[in-house]
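Colleague: need a 3D model of the following:
(chains A and B)
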Amino acid sequence: DGGITQSPKYLFRKEGQNVTLSCEQNLNHDAMYWYRQDPGQGLRLIYYSQIVNDFQKGDIAEGYSVSREKKESFPLTVTSAQKNPTAFYLCASGKTQGRTGANVLTFGAGSRLTVL
Amino acid sequence: AQSVTQPDIHITVSEGASLELRCNYSYGATPYLFWYVQSPGQGLQLLLKYFSGDTLVQGIKGFEAEFKRSQSSFNLRKPSVHWSDAAEYFCAVGADDYKLSFGAGTTVTVRA
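Modeller: All right, here's what the predicted structure looks like:
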């Protein structure tokens, strides 16, 4: 089945440690996204990538980094510079709708990061 | 930049009753509009989308939404709610920049 795989589902880290969240898709979508979800705040965009080897900052990129070396993969690193990293992280891939500049997103099941 | 407001944080509805979730967007041009649903601890599933054409959009699970440009709204409706519809619902708006902005979500509780 085509879809998006996020791992790990649950992750604990100590303050000051970097951690990398994995996101893999086999939908052959060009675009990939990372969102952060906190209770009562909806989803906030961290980074997105429309093509391989290119990515853009979203609304809350500070303290995060990404890479897009392969079409299928878009890992997110939460660095020690992120002041409040405990959250639910959602990865998505996007398929462009017709000739618009908009993507229809398909989401993974999420990764919950807790900083101890 | 585009933005979305979902005025209702939490709605409780009886099983079999109708449901309407409100969504207002802010964007200068014609927006692309979406409704997603999320079960606890899970990812988001697309219910329906509007890009152009008929302003009444049909989606999965018996949901529909109506785009009203004059009111900058894209409200989601379901005529008869089932217990399995209890979840969190997100409205989202996209533009020609490949970004999608989400509202804060509305949690729906279904009582027997």
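
Colleague: for stretch A:17-35, buried residues please.
Modeller: Using 16 or more other CB atoms under 10 Å in any protein chain shown as the test for burial, stretch A:17-35 gives A:19, A:21, A:23, A:24, A:25, A:29, A:30, A:31, A:32, A:33, A:34, A:35. For the C-beta atoms, the positions are set from N, CA and C on the backbone; glycine is no exception.

Colleague: in helices only, show me those.
Modeller: In helices, judged by DSSP state H, none of the buried residues of stretch A:17-35 are found.

Colleague: same for chain B: which of those residues are within range?
Modeller: Contacts with chain B are made by A:31, A:33, A:35 out of the buried residues of stretch A:17-35, judged by CB under 8 Å from any CB of the partner chain.

Colleague: of the residues you listed, which is the nearest to residue B:63?
Modeller: Lowest distance from residue B:63 to those (CB to CB) belongs to residue A:35, with 22.1 Å.

Colleague: quick revisit: min pLDDT across the ones next to chain B among the buried residues of stretch A:17-35, which one?
Modeller: Lowest pLDDT of those: residue A:31, 94.

Colleague: any idea how far that one lies from residue B:64?
Modeller: Residue A:31 sits 27 Å away from residue B:64, going by CB to CB, to the nearest Å.

Colleague: same thing with residue A:88?
Modeller: 29 Å.

Colleague: residue A:55 too?
Modeller: Relative to residue B:64, and taking CB to CB, residue A:55 is found at 36 Å.

Colleague: just want to know which of the two has more residues nearby.
Modeller: The neighbour count for residue A:55 versus residue B:64, taken as other CB atoms under 10 Å in any protein chain shown, is higher for residue A:55 (20 against 16).

Colleague: separation between the more buried one and residue A:32?
Modeller: Taking CB to CB, one finds residue A:55 at 8 Å from residue A:32.

Colleague: shared neighbours, the two?
Modeller: Counting by CB atoms under 8 Å, 6 or more residues apart in numbering or on different chains, the contacts common to residue A:55 and residue A:32 are A:48, A:49, A:68, A:74.

Colleague: nearest residue to the last one in space, please, no chain neighbours.
Modeller: The one in question is residue A:74. Sequence neighbours aside, residue A:32 is the residue nearest to residue A:74 in space, at 3.9 Å (criterion: CB to CB, 6 or more residues apart in numbering or on different chains).

Colleague: can you give me the strands in chain B?
Modeller: Along chain B, counting by DSSP state E, strands occupy B:3-5, B:10-14, B:19-21, B:24-26, B:32-38, B:44-50, B:56-58, B:64-68, B:73-78, B:87-94, B:100-102, B:106-111.
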